[in-house]
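[1] Below is the sequence, then the predicted model.
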Amino acid sequence: MVDLNSGHNPDHNPDHNPELAHQFEDMDQQKEAAALGMWTFLITEVLFFGGLFTAYIVFRTQFSEAFAKASHHLDIVLGGINTFILLGSSLTMALAVHAAQEGRKEKTIRFLGVTGILGAAFLVIKGFEYAHKFEHNLFPGASFGYDGFEPDHAQLFFILYFALTGVHAAHMIVGLLLLVVIAWMTARGRFSATYHSPVENFGLYWHFVDIVWIFLYPLLYLIDVTGRTQ
Amino acid sequence: MTTIKEPLRPDDYLNAGYGVKSWLLTLDHKRIAILYLISITFFFFVGGFFAVLLRIELMTPAGDIVTAETYNKLFTMHGIAMIFFFLIPSIPAVLGNFLVPMMIGARDLAFPRLNLFSWYLYNVGGLFTLYTMTTGGIDTGWTFYAPYSSSYTLSDPVPVVVGIFVLGFSSILTGLNFLVTIHKMRAPGLTWFRLPLFIWASYATSVIQVLGTPVVAIALVLLGFERLTGVGIFDPKIDGDPILFQHLFWFYSHPAVYIMILPSMGVVSEVVSCYARKKIFGYNAMAFAILGIAVLGFLVWGHHMFISGQSVYAGLVFSALSFLVAIPSAIKVFNWTATLYKGQIEFRTPILYAFGFIGLFTIGGLTGLFLASLATDVHLTDTYFVVAHFHYIMVGGAVMGYLAGIHFWWPKITGRMYNEAWAKFSALILFVGFNLTFFPQFILGYMGMPRRYYVYPEEFQVLNVMSTAGASILGLGYLIPMIYLTWSLRKPKTAGNNPWKATGLEWTTVSPPLTHNFDSVPTVTTEPYLYDDTDDASGSAGSAGSAGLAGLAGLDSSARAALPPHPKEVKRGRS
Amino acid sequence: MWNFPLLPEAASTVATEIDAIWWVLVAVSIFFGAIIVVGLVYSAVRYRRGSKASRAGAMNDNLLLELSWSIIPLTIAMAIYVWSSKVFIDMHVAPPGAMEVYVVAKQWMWKIQHPEGNKEINELHVPVGKPVKLIMTSQDVIHSFSIPAFRIKQDVLPARYTTQWFEATKPGEYHLFCAEYCGTSHSGMVGRVVVMEEADYQNWLAGRRGADMMAGSGEKLFAEFGCQTCHRQDSGQRGPALDGLFGSIVTLSGGDKVAADADYLRESILNPGAKVVKGYQLLMPTYRNQLTPEQVNELVEYVKQLGGIKIGENKR
């Protein structure tokens, strides 16, 4: 069932392409494998957040009024600014990938840098929001103090708020660490117009994390915009 | 069986380096498989140790050897060690790691570093769990049901929850690696329907790992959060929903059963076909049955919750879907039997285990009907009937399949042959011990004995004593392979490249394989399992030896002529 | 030690129905198991390597065979599914007029309240030949109320009622188990169910010492917590009137309609905001931390009696 006289020879010839890992036959295969790997990972991520969104749906439908009123305690403006920051970072990420595809090293690093700064800015603002919640005893647990409508159900809202944004922020932190690695590899000249899968796949990850936020912002902050009093 | 003298290759993967570093930093999928083999064997005996203590305690109706609290910790940690740290990674991480690239003619998995990283994640998760085991353990049950686990237990489940979370990523990344490898790295000509069924099974398993594991991971994150802050979404005190935890938990943990059983089905297909010298019966149906089980596996989690307070309508839907799982399972069992019919069956150790698998899986599957059926489930759920049922699937099925695979590919993995007489003896011991341990538990369950009971009414004692007696035989049965398999490592590597004259790309390379698996990338021109070598020789015993030569390198011209070359043969599979 | 029965006692109406399904499943299992075992052993012996049996006509594929061993099991499975589901639905719908008993589970005991006021711990006395509905809740973790001789079992949840019913057919004593793992003394959370002839049961009921009926205790609580300030016809209409409420259909502020059953009453006491009746403001505070589950049961029983049903008649 096997033809041993096939033309492939894995005992790598001396002028073997250093960009090609030994387990792959050619650059195309390597690139396709890396992309499929990232997409598969993102599917896992969808299911990971999916569990949280399921919980959100369950309690939001049950306690919709409490959720609406609890959402008033989130800062629409800061959340909105963060939304624009992330959308902007997706743009610069896309530009970085484009630059990498053209093999333009400095440009890639520059755009990655801007992306990183925007990502960090997002986390800083998020940090201020969290601090504000802690100050006002809105973090769930023994110190939770909420004098509004149905405190127990509001607490469920804040548990989900911290879980969803916390897991999202953890993804942002991982993203920033990866970004540093990718930028460093770019600076070391590891990528070229023919080999830049890591930049592209990191871009996919970054966009995914942004998209999650696009869901989080309306589901958490904008439940009841008209009902806000301030 | 070493009728064929192949030259020993000094450059096999076991000789690629001898230092600790050459193992701990290896990127070779075969060495990583060995690392996994060591890790999971360790946890198997940890889990087994707890099981022995449980069975000793249950010999008498009263509580006498350990306290109630200790008993609860023992069954919890038995479950955690066996399910998360042994059964789920067993075949995928050991045999899958070793075989998936070889069976599809690749030099390695798509992401070797990720593969090694997965093994480290497994061990980090294992260390968290061992830390808890050695510092008092937890008593939540492996199912971690809220609100007991989140608010009431006096033990601390957080380290174990963290451990399983980390372990989950090991499992996800292994699945991801296999998916990409199977999609993108198949040898030229190896189309989907020329794949060995073990690859189909590994593929389906990987899909479950990738789609299911993250859901239990997030459920455990939420549980840990609840434990640490004192409130959470599963907490009824603030109108959280403990049933939601069960939904999220079983959404993974039911498919997880198929993570355990599907790879075993793959192994059994390889083994049955090889020792019957016959093409697997109904290959396409077998492949689709694997996919069918994997898909249905995601739709039946609610059958763990018929009496949980879930609505009657949900029960009706989940029950119907659960019954449907019987169909692909029935196809598989019947098709294995049909494969044996008019074969040339040779009784070697692996097929003895495969016989054990088919028989015990059949019992496990049929008793599953009792639990899929709503009215009978009300009586049987949370009793020893369930315990017996899932041990027939997980031990009688998954572990028997795992041992079949270990014995089948041992000569390929190590280059050595184990002592056949001891191996057959232990297969027999395991079969007897297993049935004696778990069959009485079906009756206990029907009698109404609840599971997780430390003390029990005395009318249940006789059956419990039988079960404990069986467990002692079973425990012994697991020690014997440890000894003779380890002993075989002292022998020279003379097993031969293809001692079973099996088809499959992994048998075309040397034993143990080279680091890069194949001297030249194979091209596949035929469908799998072409064991037609003895078809014409009805009853001629000696044919096996000579037929093997042709099978060895796949140069059997008649077999190759069976199919025209496939148009995709020029390029590697890229679907 | 040599007390060694192999079949559980069947002492309820549903037990015989479930046993019938059980035995059919056993027969189906033996039938298919035997096919497989005979097929394996026959092939293994007759077609062992070296045997002279003819291999002519060996098959690698046979659509007809494969279809038949898919469709026949499917048909059998679906038939059992329909049958078993019908029994399951019956097990969930208590016959009208079933006598009601309240169960409160806590680590690690069963507390039983009879509407007549009798309270029991880890024991349940019931009359033979009468349907009994259990209204159950838990004070802490999830438990499961299981009586193997009756073939019934239902998880008992915190902050929620679950129900199950049975009709005992044989006087005697039977095991009561907690079937859902609930912590250290899970296996100690056991008791007995005593099934008595009707007359004996009435004697047993009468033997209670000085206890109020549940509804009576509920009435006292109703006064003690000042419920009547809002919940009376003459109290200024701040809360909906409760007379004749039980068993009626209530329209909520959102327009939804719900049945005012025990679970609705319990939820309204502990979580008043969940279902606000149309036309009323949410003024009621939660009584979650002020009432024990038993007291909630008593209040529910009291409200049940308001309007129409007089205390003591209780549909017996």
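    Good, I have the coordinates.

[2] Show me which residues of the stretch 151-300 of chain C sit near chain A.
    C:273-274 (Cβ under 8 Å from any Cβ of the partner chain). Glycine gets a C-beta too; all of them are placed from N, C-alpha and C.

[3] Closest residue of the stretch 151-300 of chain C to chain A?
    Taking Cβ to the nearest Cβ as the measure, the stretch 151-300 of chain C has C:Gly273 as its residue closest to chain A, at 5.3 Å.

[4] I'd like to know how many residues surround that residue.
    By other Cβ atoms under 10 Å in any protein chain shown, 19 other residues sit near C:Gly273.

[5] how much space between it and C:Ser185?
    Using Cβ to Cβ, to the nearest Å, C:Gly273 is found at 36 Å from C:Ser185.

[6] go on, C:Asn60?
    Counting by Cβ to Cβ, the gap from C:Asn60 to C:Ser185 is 58 Å.

[7] Do I have it right that B:Val46 meets B:Met133?
    Yes: in terms of Cβ atoms under 8 Å, B:Val46 counts as a neighbour of B:Met133; the distance is 7.3 Å.

[8] on that earlier part again, where does the residue of the stretch 151-300 of chain C closest to chain A land on pLDDT?
    Note for C:Gly273: predicted pLDDT of 78.

[9] Kindly report the same for the one 3 residues further on.
    pLDDT, C:Val276: 84.

[10] which residues does it contact?
    Neighbour list for C:Val276: C:252-253, C:282 [criterion: Cβ atoms under 8 Å, 6 or more residues apart in numbering or on different chains].

[11] what's the closest of these to C:Arg151?
    C:Leu252 (37.4 Å; Cβ to Cβ).

[12] quick one, what contacts C:Gly188?
    C:Gly188 sits in contact with B:68, B:455, C:108, where contact means Cβ under 8 Å, 6+ apart.

[13] now B:Leu228
    Counted by Cβ under 8 Å, 6+ apart, B:Leu228 has contacts B:Val158.

[14] now do B:Lys278
    Taking Cβ under 8 Å, 6+ apart, one finds B:339-340, B:342-344, B:529, B:531, C:58, C:60 in contact with B:Lys278.

[15] Could you give the backbone dihedrals for the residue of the stretch 401-550 of chain B found nearest chain A?
    The stretch 401-550 of chain B approaches chain A most closely through B:Val521 (3.7 Å), counting by Cβ to the nearest Cβ. Dihedral pair for B:Val521: phi -70, psi 130, per degrees, to the nearest 10.

[16] number of nearby residues for it?
    23.

[17] how about whichever residue of chain B sits closest to chain C, what does it touch?
    Here the residue of chain B nearest chain C is B:Gly448; by Cβ to the nearest Cβ that distance is 2.5 Å. Going by Cβ under 8 Å, 6+ apart, B:Gly448 touches B:379, B:383, C:8, C:146, C:148-149, C:175, C:177.

[18] what does chain A put close to chain C?
    Checking chain A against chain C by Cβ under 8 Å from any Cβ, the hits are A:62, A:65-66, A:149-150, A:153.

[19] now the stretch 351-500 of chain B
    Looking at chain C, the residues of the stretch 351-500 of chain B close enough under Cβ under 8 Å from any Cβ are B:355, B:358-359, B:362-363, B:366-367, B:369-370, B:372-376, B:378-379, B:381-383, B:443, B:446-448, B:450-459, B:461-462.

[20] What count of nearby residues applies to C:Asp256?
    For C:Asp256, using other Cβ under 10 Å, the count is 10.

[21] Next up, phi/psi of it, please.
    phi -70, psi 160.

[22] Is C:Glu120 in a helix, a strand, or coil?
    Here C:Glu120 is strand, with the state taken from DSSP: H, G, I helix; E, B strand; the rest coil.

[23] Next step: the residues of the stretch 351-500 of chain B next to chain C restricted to helices.
    Among these, the residues falling in helices (DSSP state H) are B:355, B:358-359, B:362-363, B:366-367, B:369-370, B:372, B:374-376, B:378-379, B:443, B:446-447, B:461-462.

[24] low pLDDT regions in chain A?
    A:1-16, A:229-230 (pLDDT under 70).

[25] Please name the nearest non-neighbouring residue to whatever residue of chain A ends up closest to chain C.
    In chain A, the residue that lies nearest chain C is A:Glu150 (5.3 Å; Cβ to the nearest Cβ). Closest residue to A:Glu150 apart from its sequence neighbours, by Cβ to Cβ, 6 or more residues apart in numbering or on different chains: A:Ala66 at 4.1 Å.

[26] in what helix or strand does the one you found lie?
    Taking DSSP states H and E as the definition, A:Ala66 sits inside helix A:64-71.

[27] Just the buried residues of the one helix or strand A:His171 maps to, please?
    Counting by DSSP H and E, the element that carries A:His171 is helix A:151-187. Neighbour-count burial for helix A:151-187 flags A:151-165, A:167-169, A:171-172, A:175-176, A:179, A:182-183, A:186 (criterion: 16 or more other Cβ atoms under 10 Å in any protein chain shown).

[28] next one: it to chain centre, how far?
    The chain centre lies 7 Å from the centre of helix A:151-187; the measure is Cα atoms, centre = their mean, to the nearest Å.

[29] Extract the CA atoms of the helix or strand following that helix and return them as PDB.
    Proceeding N to C from helix A:151-187, the next assigned helix or strand is helix A:197-216, under DSSP H and E. C-alpha atoms of helix A:197-216 as PDB (Å, rounded to 0.1, in the frame of the first residue of the first chain):
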ATOM      1  CA  SER A 197       2.400  33.500   9.800                       C
ATOM      2  CA  PRO A 198       3.000  34.300  13.500                       C
ATOM      3  CA  VAL A 199       2.200  38.000  12.900                       C
ATOM      4  CA  GLU A 200      -1.000  37.100  10.900                       C
ATOM      5  CA  ASN A 201      -2.200  34.600  13.500                       C
ATOM      6  CA  PHE A 202      -1.500  36.900  16.300                       C
ATOM      7  CA  GLY A 203      -3.600  39.400  14.400                       C
ATOM      8  CA  LEU A 204      -6.400  36.900  14.400                       C
ATOM      9  CA  TYR A 205      -6.200  36.500  18.100                       C
ATOM     10  CA  TRP A 206      -6.100  40.300  18.700                       C
ATOM     11  CA  HIS A 207      -9.200  40.800  16.500                       C
ATOM     12  CA  PHE A 208     -11.000  38.000  18.300                       C
ATOM     13  CA  VAL A 209     -10.400  39.700  21.700                       C
ATOM     14  CA  ASP A 210     -11.700  42.900  20.200                       C
ATOM     15  CA  ILE A 211     -14.800  41.300  18.900                       C
ATOM     16  CA  VAL A 212     -15.500  39.800  22.400                       C
ATOM     17  CA  TRP A 213     -15.500  43.400  23.700                       C
ATOM     18  CA  ILE A 214     -17.900  44.500  21.000                       C
ATOM     19  CA  PHE A 215     -20.300  42.000  22.500                       C
ATOM     20  CA  LEU A 216     -19.500  42.900  26.100                       C
END
